[in-house]
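# Turn this into a model:
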Amino acid sequence: MNTAISVDVQTVQKYWDSQFITDYVEARGKASITTNGKTTNVSMHLKMKKDSIIWGKFSLFGIGATVLINRDSFFMYNTLTQEYMIYDNSFLNQFLGFRADISHVQNLLLGNAVFPESDYSFNSLDNQLTGDEGMATNTLTINSDLRTLSSIISTEDSTQNADIQYDQYEDVNNMLMPKIVSIDVKKGAQTLDVVLNYQNVNTNTITTFPFKIPNGFIRK
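Alright, predicted model coming up:
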């Protein structure tokens, strides 16, 4: 497991140089989803096109949810409940606590700083990077691989925050991508804990993001 390190201006620049930047990412693995104390373990298949699309399938024995997020909208259908959802991207606010666009979410999943580099400042006393965008603040701790160890998103509304931990990294095309991403979201008394375990990752060009709501499904 990686640990936090003391950083200086040079280390911070190496951190920015080591961001995981690629046009496409495909990952297969497992996910554990805990909502208010109830845990569900599923298989996971993720596809991403940079700043454009996130596609995900989370299932157990082929039954479960398929999600598609683009620049404007959030879509999901669930073959277990035979329901589907269509929202604009403000739907993500309830999970992350701020108006996140698709690049923010992709950065979070890839272990990158959530906001652009220009939004951050280095606090040598706290040994952290802090970035502000709108009402949201992202506080980053750097690990010994010069990648993100922890990423905390908070807002002026202190009742909601997201705490993301990156415990392991692996080499993918001479870049380090997180192997395990732990996301802990609190909103008042409600909690959502998600652990993503990427077991097979590639950065090949992705040509399809299949998504079709089955006939007869009811809008939720």
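# right, and the secondary structure at residue 94 would be what?
Taking DSSP: H, G, I helix; E, B strand; the rest coil as the rule, one finds residue 94 in the helix state.
# which strands and helices sit next to the lowest-mean-pLDDT helix or strand in the chain?
The weakest-scoring helix or strand in the chain, judged by mean pLDDT, DSSP states H and E, is helix 93-96 (a mean of 72). When contacts are defined as 3 or more Cβ pairs under 8 Å, 6 or more residues apart in numbering; DSSP states H and E, helix 93-96 packs onto helix 102-110, strand 175-187. Just so you know, the C-beta spots here come from the backbone N, C-alpha and C atoms, and that holds for glycine as well.
# Of all the residues in that helix, which ones are buried?
residue 96 (16 or more other Cβ atoms under 10 Å).
# one step back: mean neighbour count and mean pLDDT for the helices and strands packed on helix 93-96 - can I get that in a markdown table?
Formatted as a markdown table, these follow (neighbours: other Cβ atoms under 10 Å; pLDDT from 0 to 100):
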| stretch | mean neighbour count | mean pLDDT |
| --- | --- | --- |
| helix 102-110 | 21 | 95 |
| strand 175-187 | 19 | 92 |
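# could I get these as CSV with distance to residue 119?
As requested, those are exported to CSV (distance: least, Cβ to Cβ, whole Å):
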stretch, distance to residue 119
helix 102-110, 11
strand 175-187, 21
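# Out of these, the one nearest residue 50 is which?
With Cβ to Cβ as the criterion, residue 50 lies closest to helix 102-110 of these, at 6.9 Å.
# Direction included, what does the very next helix or strand once past that closest one pair against?
As assigned by DSSP states H and E, the chain's next helix or strand after helix 102-110 is strand 120-123. Sheet pairing here is set by DSSP bridges, and for strand 120-123 it gives strand 128-133 (antiparallel).
# quick check: angle from the strand it pairs with to helix 102-110?
160 degrees (axes from the mean of the first three to the mean of the last three Cα atoms, to 10 degrees).
# how about the CA coordinates for strand 128-133, as PDB?
C-alpha atoms of strand 128-133 as PDB (Å, rounded to 0.1, in the frame of the first residue of the first chain):
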ATOM      1  CA  GLN A 128      -1.300  19.000   0.200                       C
ATOM      2  CA  LEU A 129      -2.600  20.400  -3.100                       C
ATOM      3  CA  THR A 130      -5.900  22.300  -2.900                       C
ATOM      4  CA  GLY A 131      -8.000  23.200  -5.900                       C
ATOM      5  CA  ASP A 132     -11.200  25.300  -6.100                       C
ATOM      6  CA  GLU A 133     -13.800  25.300  -8.800                       C
END
